[in-house]
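Undergrad: Output the structure for:
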Amino acid sequence: MLLYNETIGIDKDIEKEWLEWMNQVYIPDIMATEVFVDYKFYKVLTHDDEGSVSYCVQYFTPSIEKFNHYLAVVAPSLAEKHHQKFKDRHVAFRTLLEGVE
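TA: This is a model prediction of the structure:
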(Lines give C-alpha, C1' and ligand atoms only; values in the text may rest on other atoms or scores of the structure.)
Protein backbone atom coordinates (compact mmCIF):
# COMPACT_ATOMS: atom_id res chain seq x y z
CA MET A 1 0.00 0.00 0.00
CA LEU A 2 1.24 3.48 -0.85
CA LEU A 3 0.43 6.61 1.12
CA TYR A 4 0.22 9.98 -0.60
CA ASN A 5 0.48 12.69 2.04
CA GLU A 6 -0.53 16.32 1.56
CA THR A 7 0.36 18.66 4.42
CA ILE A 8 -1.25 22.06 3.96
CA GLY A 9 -0.73 25.20 5.99
CA ILE A 10 -3.67 27.58 5.79
CA ASP A 11 -4.20 31.08 7.18
CA LYS A 12 -6.20 30.89 10.43
CA ASP A 13 -8.70 33.52 9.32
CA ILE A 14 -9.99 31.28 6.49
CA GLU A 15 -9.61 27.95 8.30
CA LYS A 16 -13.36 27.26 8.64
CA GLU A 17 -14.06 28.06 4.97
CA TRP A 18 -11.09 25.94 3.88
CA LEU A 19 -12.16 22.95 6.02
CA GLU A 20 -15.67 23.05 4.56
CA TRP A 21 -14.29 23.25 1.02
CA MET A 22 -11.85 20.40 1.64
CA ASN A 23 -14.59 18.14 3.03
CA GLN A 24 -17.27 19.07 0.49
CA VAL A 25 -15.25 19.59 -2.72
CA TYR A 26 -11.53 18.81 -2.79
CA ILE A 27 -11.36 15.46 -1.00
CA PRO A 28 -14.51 14.12 -2.73
CA ASP A 29 -13.00 15.15 -6.10
CA ILE A 30 -9.81 13.25 -5.31
CA MET A 31 -11.66 10.17 -4.07
CA ALA A 32 -13.87 10.21 -7.19
CA THR A 33 -10.77 9.51 -9.31
CA GLU A 34 -10.81 5.96 -7.89
CA VAL A 35 -7.02 6.08 -7.57
CA PHE A 36 -7.25 6.01 -3.78
CA VAL A 37 -9.14 3.46 -1.71
CA ASP A 38 -9.25 5.42 1.55
CA TYR A 39 -8.10 8.63 3.20
CA LYS A 40 -7.53 10.15 6.64
CA PHE A 41 -7.71 13.86 7.49
CA TYR A 42 -5.77 15.25 10.48
CA LYS A 43 -5.03 18.58 12.12
CA VAL A 44 -1.32 19.02 12.87
CA LEU A 45 -0.98 19.81 16.58
CA THR A 46 2.75 20.53 16.70
CA HIS A 47 2.52 23.52 14.35
CA ASP A 48 3.37 26.71 16.24
CA ASP A 49 2.93 29.58 13.76
CA GLU A 50 0.39 32.03 15.20
CA GLY A 51 -0.94 33.09 11.78
CA SER A 52 -1.60 29.69 10.27
CA VAL A 53 -2.74 26.18 11.05
CA SER A 54 -1.69 22.96 9.33
CA TYR A 55 -3.62 19.90 8.24
CA CYS A 56 -2.54 16.59 6.77
CA VAL A 57 -4.58 14.51 4.32
CA GLN A 58 -3.38 10.96 3.73
CA TYR A 59 -4.65 9.10 0.67
CA PHE A 60 -4.06 5.35 0.25
CA THR A 61 -3.53 3.57 -3.07
CA PRO A 62 -2.49 -0.01 -3.80
CA SER A 63 -0.81 0.81 -7.11
CA ILE A 64 2.13 2.96 -8.19
CA GLU A 65 0.69 2.89 -11.72
CA LYS A 66 -2.58 4.42 -10.55
CA PHE A 67 -0.70 6.98 -8.52
CA ASN A 68 1.54 7.93 -11.45
CA HIS A 69 -1.56 8.39 -13.62
CA TYR A 70 -3.10 10.58 -10.90
CA LEU A 71 0.08 12.65 -10.62
CA ALA A 72 0.45 13.14 -14.38
CA VAL A 73 -3.17 13.55 -15.46
CA VAL A 74 -5.42 14.49 -12.53
CA ALA A 75 -3.34 16.20 -9.84
CA PRO A 76 -2.34 19.32 -11.80
CA SER A 77 -5.94 20.46 -12.33
CA LEU A 78 -6.94 19.69 -8.72
CA ALA A 79 -3.91 21.55 -7.36
CA GLU A 80 -4.74 24.51 -9.59
CA LYS A 81 -8.35 24.46 -8.38
CA HIS A 82 -7.08 24.63 -4.77
CA HIS A 83 -4.62 27.38 -5.64
CA GLN A 84 -7.25 29.50 -7.39
CA LYS A 85 -9.67 29.15 -4.48
CA PHE A 86 -7.15 30.05 -1.77
CA LYS A 87 -4.42 31.87 -3.75
CA ASP A 88 -1.64 33.06 -1.43
CA ARG A 89 -3.38 31.93 1.77
CA HIS A 90 -1.83 28.47 1.89
CA VAL A 91 1.31 26.39 1.40
CA ALA A 92 1.41 22.69 0.56
CA PHE A 93 3.99 19.94 0.94
CA ARG A 94 3.40 16.55 -0.69
CA THR A 95 5.14 13.20 -0.20
CA LEU A 96 4.66 9.63 -1.37
CA LEU A 97 5.42 6.89 1.16
CA GLU A 98 5.53 3.13 0.97
CA GLY A 99 4.63 0.82 3.83
CA VAL A 100 7.49 -1.13 5.41
CA GLU A 101 6.89 -4.60 6.77
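Undergrad: Buried ones in stretch 35-47, by neighbour count?
TA: Val35, Phe36 (16 or more other C-beta atoms under 10 Å). Bear in mind the C-beta positions are built from the backbone N, C-alpha and C, glycine included.
Undergrad: can you check stretch 47-60 too?
TA: Buried, per 16+ other C-beta under 10 Å, within stretch 47-60: Ser52, Val53, Ser54, Tyr55, Val57, Gln58, Tyr59.
Undergrad: Could you do stretch 3-19 as well?
TA: Those would be Leu3, Tyr4, Glu6, Thr7, Ile8, Gly9, Ile10, Asp11, Trp18, for stretch 3-19 by 16+ other C-beta under 10 Å.
Undergrad: Ok, stretch 72-88 next?
TA: Ala75, His82, Phe86.
Undergrad: isn't there a helix covering the last one?
TA: Yes: the secondary structure assignment for Phe86 places it in a helix, going by DSSP: H, G, I helix; E, B strand; the rest coil.
Undergrad: Check it and give its pLDDT.
TA: pLDDT recorded at Phe86 is 87.
Undergrad: Now for the closest residue in space to it that isn't next to it in sequence: which residues touch it?
TA: Spatial nearest neighbour of Phe86, chain neighbours left out: Trp18 (6.4 Å); criterion: C-beta to C-beta, 6 or more residues apart in numbering. Trp18 is in contact with Ile10, Phe86, Arg89, His90, counting by C-beta atoms under 8 Å, 6 or more residues apart in numbering.
Undergrad: same for the helix or strand of the chain with the lowest mean pLDDT, what does it pack against?
TA: Lowest by mean pLDDT, DSSP states H and E among the helices and strands of the chain is helix 75-86, with a mean of 87. With contacts taken as 3 or more C-beta pairs under 8 Å, 6 or more residues apart in numbering; DSSP states H and E, helix 75-86 sits against helix 27-31, strand 90-98.
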